[in-house]
Each structure stands twice: as structure tokens, then as C-alpha cells.
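Here is my input; please provide its structure:
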Amino acid sequence: MTTFVSSLRQRYKSRQAQETRLAWMLISPTALIVFGIVIFPAFFSVWVSFHNVGLHNLNDVFHAPFVGWENYQKVFNDFAFKFQGMQSWGAAVTSIVYSFAATILTLVVGLVAALLLNRPFRGRGLTRAIFLFPYVAPVVSVVFVWRWLLDPRPSGVLNDILMRLNIIDLPMAFLSERGLALLIVILFESWRYFPFAMLMILARLQAIDNTLYEAAEVDGANTIEKFWYITIPELRYILGAIFLLRLMWTFNKFDDIFLLTGGGFGTKVLPVLTYEFSFRLFDFGRGAATAMILLTILVVFITIYISLVMRNVEE
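Numbering: from 1, shown residues only. Modelled structure (predicted):
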């Protein structure tokens, strides 16, 4: 027994044990913060989605009645969620269309911008700084600039220009027309976040060995062939990573759409619907169920993407 206690003391006082205790002491504050603001809320949202939680029992939420799948059934049966034809896509279909269209357009614009900025020209540094403005500017400020440009009154900037050019006779309410409003939201999303894709792609472009292009030029390859057979294969990993990241972020995007259109006129996506269920109807169970549906759809798309696209990239 004495030998065992002595062994424990030596192990406790050893350098490895001291370093282990120090490591736990250093990471414990971060671990507590992550648990408090990420892990616990995530599991708590799953719990809330199966219970009837509202203003009437918010002060005693852990004793809320269990309702099973009832909240999910309410979401699926809600007219704002389900597909009702081409005139009304519903939040689920709108989220998918919006997320994929905005992500693809962001990737394309970012690729074009990166290719342009990868070439040496006068004022390249200033141009890069200007291109970064949409990404670093506060979302509230840029949204209100866009709303000013798209003002439905004749004094609106875009309306005034189009009417002066005799393209339109009467002012248009760009953010209040179904279809057009969604297109503008997609354009805004791609304009705001293309600098992120541009920076990532530009960093990879500058790391490509220039001798590959020189060898291709010696073999008689033109600009398009060099882009298709050298540039794109060298960028495939970074393009895949950007697509996956932007798809996840766009699918969960709330503030851009809410500030531009409030989720009206065919732009209601699942994050906006989650907000409305939770903080307008004060049905927190249904809001949590909507968030879980959003998460499930996102996980399905990510799984398909990783299993099909990324596997082909690795091969």
C-alpha cells in the first residue's frame, strides 16, 4: 500500500503530470465558453423542438410539456414553409435556391476578380483594397445604401437613371416584386461576399509554379487551355473548400435578407422563418423545430457534396 501511494505521489509530481494539469488549466476557460455558448445551446435547441415552449411557460421552461413531433408537423404544414407551386416556393425551396445560386455566383465573381488581380498593373494594391470594401463594411450600412439605390420612388437612384434613359416609364419597386426581390438578394449576397472567395483564390494563384505555364506555352497552349488544364486543376481544392464554407454560411444567413426585404415578396428563407416563429409568434418550440429542419437539410447537402464532389477531387 505504501509503495502504491508513493508511486501515485511520484506520478503526480512528475513533469508530464504537471504539464498535463497546466494544459487543462489553460484550455478550461475556453472549453467552458464553448460549452456555454455553442454546445449547450445546440442540444437545448433540440430539446426545445420536442416541447411546447412559449411565453406562458418561459419562466419554467424545463417543465414544458413534451409534444413529440407536433412542432415539426406544424412547420411542415405551415403555408410559409411548404412548396405551393411556382407562385409560392415556400421557405425550404427558397433557402435552397438562394443558397446555391448565391454561393455559385460568389465563387464565379471571386474567381474572375482573383484572376484580374493576379496580373501586374498600376494601382493593383488600391484595387484590392477597394474590392475588399463590401466584405469589411458593416452590413447595416451597405444594406441601407442598396435600399437607397433601389428606392421605389421616382427619386430613387436606379429608377431615376432608368427613367432618364427611357428604359422604364414608371418607377419600379425592385424589392417588392416577387422573383425580382429574390434575384436582388442573391446579387447582394454575391457582391458582399465575393472578396472572401477572391482572397482565398488569389493566395492559391500566387502559389502556382509559373514553370507550368511556361511549359504549356512552349507546347502551344493558348490562354483558355492554360486556364482549363492548369489553373482550374490547381484551384480545385480551394474552390471546393470555399463552396462548402460559403454554402453553410449562406444557408444560415439571416441579417442580409431581413434588412433588405424583411423576408417578404418571395425571399423568406428558413432563418427568417425561424425568427418569425420564435420572436413574432413566440412559439419557441416551432422555431427550434424549423432550425433543426434547416440543420438537417444542410447536413444532407454537405454529405452529398463531400461524398461525391470531394471524393472525385481527391481521385
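
got the buried residues for the helix or strand hosting residue 189?
Under DSSP states H and E, the secondary-structure element containing residue 189 is helix 180-205. For helix 180-205, burial by neighbour count (16 or more other Cβ atoms under 10 Å) applies to 180-182, 184-186, 188-202, 204-205. Yep, even glycine has a C-beta here, placed from its N, CA and C like the rest.

Give me the residue ranges of the chain where confidence is low.
Applying pLDDT under 70 to the chain flags residues 1-14, 84-88, 308-315.

Residues contacting stretch 238-254, please?
95, 98-100, 102-104, 106-107, 110-111, 189, 193, 196-197, 200-201, 204, 269-272, 275, 294, 297-298, 301-302, 305-306, 309-310, 313 (Cβ atoms under 8 Å, 6 or more residues apart in numbering).

circling back: can you name the element that comes right after the helix holding residue 189?
By DSSP H and E, the next helix or strand past helix 180-205 is helix 210-218.

helices or strands next to that next one in the packing?
Using 3 or more Cβ pairs under 8 Å, 6 or more residues apart in numbering; DSSP states H and E, the elements in contact with helix 210-218 are helix 223-226.

Please spell out which residues along the helix it packs on are buried.
In helix 223-226, residues buried by neighbour count (16+ other Cβ under 10 Å) are residue 226.

Put the alpha carbons of that helix into PDB.
The C-alpha coordinates for helix 223-226 follow below in PDB (Å, rounded to 0.1, in the frame of the first residue of the first chain):
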ATOM      1  CA  THR A 223      -4.900  31.200 -72.700                       C
ATOM      2  CA  ILE A 224      -8.100  29.300 -72.400                       C
ATOM      3  CA  GLU A 225      -6.300  25.900 -72.500                       C
ATOM      4  CA  LYS A 226      -3.800  27.100 -69.800                       C
END
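
Give me the contact list for the strand or helix carrying residue 162.
Remark: residue 162 resides in helix 157-164, with elements defined by DSSP H and E. With contact meaning Cβ under 8 Å, 6+ apart, helix 157-164 is reached by 148, 149, 150, 151, 152, 153, 154, 168, 169, 171, 172, 174.

let's see it at 7 Å
148, 149, 150, 151, 154, 168, 171, 172, 174 (Cβ atoms under 7 Å, 6 or more residues apart in numbering).

Also stretch 68-75?
Stretch 68-75 is contacted from outside by 49, 50, 81, 285, 286, 289, 290, 293, using Cβ under 7 Å, 6+ apart.

Let me know the closest of these to residue 214.
residue 293 (52.4 Å; Cβ to Cβ).

what about the helix or strand hosting residue 24, distance to the chain center?
Using DSSP H and E, residue 24 maps to helix 15-34. Taking Cα atoms, centre = their mean, to the nearest Å, the mean C-alpha location of helix 15-34 is offset from the chain mean by 33 Å.
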